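# just a sequence and a predicted model for now, questions to come.
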There are 2 protein chains.
Amino acid sequence: MVNLVQTKRLQKYRMALLRFKKMGLKKTFSHSLSEETSVSAVLIRKDFSQCGIRGKRRGGYDIDLLLGELKKIFGHEKEQNIIIVGLGNIGSALVKYEDYRQSNMNMVAAFDIDPAKRTRRYPVPVYSLENLREVIDTFDVSVAILAVPEFSAQETSRYLVENGIRGILNFAPVLLKVPDHVLVNNVNVMIELERLMYHIGVIQD
Amino acid sequence: MVNLVQTKRLQKYRMALLRFKKMGLKKTFSHSLSEETSVSAVLIRKDFSQCGIRGKRRGGYDIDLLLGELKKIFGHEKEQNIIIVGLGNIGSALVKYEDYRQSNMNMVAAFDIDPAKRTRRYPVPVYSLENLREVIDTFDVSVAILAVPEFSAQETSRYLVENGIRGILNFAPVLLKVPDHVLVNNVNVMIELERLMYHIGVIQD
DNA sequence: AATAAAATGTGAAAACTGTAACAATAAAAT
DNA sequence: ATTTTATTGTTACAGTTTTCACATTTTATT
Ligand SMILES: NC(=O)c1ccc[n+]([C@@H]2O[C@H](COP(=O)([O-])OP(=O)(O)OC[C@H]3O[C@@H](n4cnc5c(N)ncnc54)[C@H](O)[C@@H]3O)[C@@H](O)[C@H]2O)c1
Ligand SMILES: NC(=O)c1ccc[n+]([C@@H]2O[C@H](COP(=O)([O-])OP(=O)(O)OC[C@H]3O[C@@H](n4cnc5c(N)ncnc54)[C@H](O)[C@@H]3O)[C@@H](O)[C@H]2O)c1
């Protein structure tokens, strides 16, 4: 229905709308959203139009209605269970993150090969990878956060996919090889920093 | 010289090339890179061509030469100092991250309003924000990682910019308003997860 | 030496994405 | 009631990005 670039913009609009709502606003205009998101007003209207979202001429868009439609599009209506693999520095921050609920996601379990990590100090139970299939089946998990060291990321992702995972949010700085039906989103801090530096022109050739 | 979409692809190529190099390879072909990065072979050749990188017809590209050119483009040649603001869950993971050196970046200091964080338990000194200007000037810092709570992110970013920061890697789930000369890259875990779910079609409307 | 094969490099075409112009409509002002 | 104003929604256009087709070069084979 909507493609990747549109999806990204819709998510931006959603963030802006949530902010407007928090400020007590009831309606908004393509302009206001444009200022907030740096997307042109026309394009915003086009995106909404294409998603079947209608505003009122001269009256703007109803914020609750917009958020409702976006909720439908992004499927926040059904709760989605997720898991995390690797409870090191970054993994243990992510397992404690509290915003999952806001998007109707539910962190149900964590996995680590290190038995020392399998304690009750975390907000979810921590298992050995042997229990992966069981957890995935029990909680109908499709998406996993991967936060294991670089050298084991490929192997671990293979194992995740083998056991039914179809979406991976990968924090390891490697391009994972996965089958076609699996989607990987990479979060790569170094790459973001490098691009930042490149574009602010810190670089004097 | 290269635009945003190209920059992203060049970074992908670089990751693949580093991997090839680690595997002991000396040269590579647009095909091989294509398989590794999921970018079409023609586009890869075009990108290289546009960056003035030449291969040998039938002989492919020299990996070291490619990496050298990319290094020039991304300016890994000059060391860049960076700082981090906010040492909570995610901030303290990031301050311990060890890959900065690999891209010739140097984490020189951390900042937190909580005095309890200002201990020697971290790999860099932790200061109050009062010391920001001093650190920025001393170490010629242009880029900061922002890992403070959502509600203080906008205000903190304003303060960073006021003191000379021109690039922000923002982990808070807000669209920061910054002057034109400042660039923000957002890392938003929830948004990545949502898009993952949307695209794997977990969502049954 | 001649031919075949495997790669790069590139101009033209196609596909995709965003912008501009403006008609349609609703609200506000007169 | 009429006119003005502000805003959406859409069609045509412009710009950007990617792919296609194929010429060119180098290496390998016969
Ligand atoms: N620390 C950061 O700020 C940061 C930032 C961005 C990306 N990353 C990346 O995230 C990954 C993890 O980084 P980290 O700093 O948390 O590392 P870490 O070494 O602190 O943690 C890795 C964890 O994964 C576990 N583990 C190792 N192999 C495993 C396996 N096969 N299955 C399950 N668990 C396994 C280890 O026991 C450990 O708990 C790395 O790839 C790193 O490059 C880290
Ligand atoms: N925890 C995660 O895994 C995670 C993941 C993605 C994004 N985030 C985002 O990162 C940010 C930090 O998350 P967290 O979980 O680390 O929160 P946290 O509450 O654990 O840490 C926030 C830290 O910032 C400090 N701080 C607060 N205001 C400050 C200010 N004005 N200047 C300097 N320091 C200040 C606090 O003292 C604290 O140490 C949040 O915006 C969160 O949404 C967190």
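Looks like it arrived, so ask away. Computed from a predicted model, the values in this text were never measured in an experiment. Ligands and ions are numbered 1, 2, ... in the order given.

# shaky segments in chain A?
A:202-205 (pLDDT under 70).

# partner residues bridging the residue positioned nearest the centre of chain A?
Centrality entry for chain A: nearest residue to the mean C-alpha point is A:Leu169, 7.7 Å, by C-alpha atoms, centre = their mean. Here A:Leu169 sits in beta bridges with A:Ile145, A:Asn185, going by DSSP bridges.

# quick check: it touching B:Leu196?
Yes: between A:Leu169 and B:Leu196 a contact is recorded at 6.1 Å, counting by C-beta atoms under 8 Å. Yep, even glycine has a C-beta here, placed from its N, CA and C like the rest.

# related to what we said a few turns ago, for the residue nearest to the centre of chain A, give me its contacts.
A:143-146, A:185, A:187, B:189, B:192-193, B:196 (C-beta atoms under 8 Å, 6 or more residues apart in numbering or on different chains).

# neighbour count added to those residues, as CSV?
Converted to CSV, these look like this (neighbours: other C-beta atoms under 10 Å in any protein chain shown):
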residue, neighbour count
A:Val143, 22
A:Ala144, 28
A:Ile145, 27
A:Leu146, 25
A:Asn185, 17
A:Val187, 20
B:Val189, 20
B:Glu192, 18
B:Leu193, 21
B:Leu196, 23
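
# what count of nearby residues applies to A:Ala110?
As a burial measure, A:Ala110 scores 25 neighbours (other C-beta atoms under 10 Å in any protein chain shown).

# helix/strand/coil for it?
Using DSSP: H, G, I helix; E, B strand; the rest coil, the secondary structure recorded for A:Ala110 is strand.

# now the residue of chain A found nearest ligand 2: how far from A:Gly91?
Taking C-beta to the nearest ligand atom as the measure, chain A has A:Tyr97 as its residue closest to ligand 2, at 3.5 Å. Distance of A:Tyr97 to A:Gly91, given as C-beta to C-beta, to the nearest Å: 11 Å.

# which one's more surrounded, those two?
It is A:Gly91, of A:Tyr97 and A:Gly91, that has more neighbours when counted by other C-beta under 10 Å, with 23 against 16.

# return the list of helices and strands in contact with whichever strand or helix holds that one.
Assigned by DSSP states H and E, A:Gly91 belongs to helix A:89-95. Counting contacts by 3 or more C-beta pairs under 8 Å, 6 or more residues apart in numbering or on different chains; DSSP states H and E, helix A:89-95 is packed against strand A:80-85, strand A:105-111, helix B:89-96.

# at 6 Å instead, please
strand A:80-85, helix B:89-96 (3 or more C-beta pairs under 6 Å, 6 or more residues apart in numbering or on different chains; DSSP states H and E).

# in JSON lines, list these along with distance to DNA strand C.
Below are these laid out as JSON lines (distance: least, C-beta to the nearest atom of the strand, whole Å):
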{"stretch": "strand A:80-85", "distance to DNA strand C": "26"}
{"stretch": "helix B:89-96", "distance to DNA strand C": "29"}
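
# so which of the ones you listed has the densest surroundings on average?
Among the helices and strands packed on helix A:89-95, ranked by average contacts under mean count of other C-beta atoms under 10 Å in any protein chain shown, first place goes to strand A:80-85 (a mean of 23).
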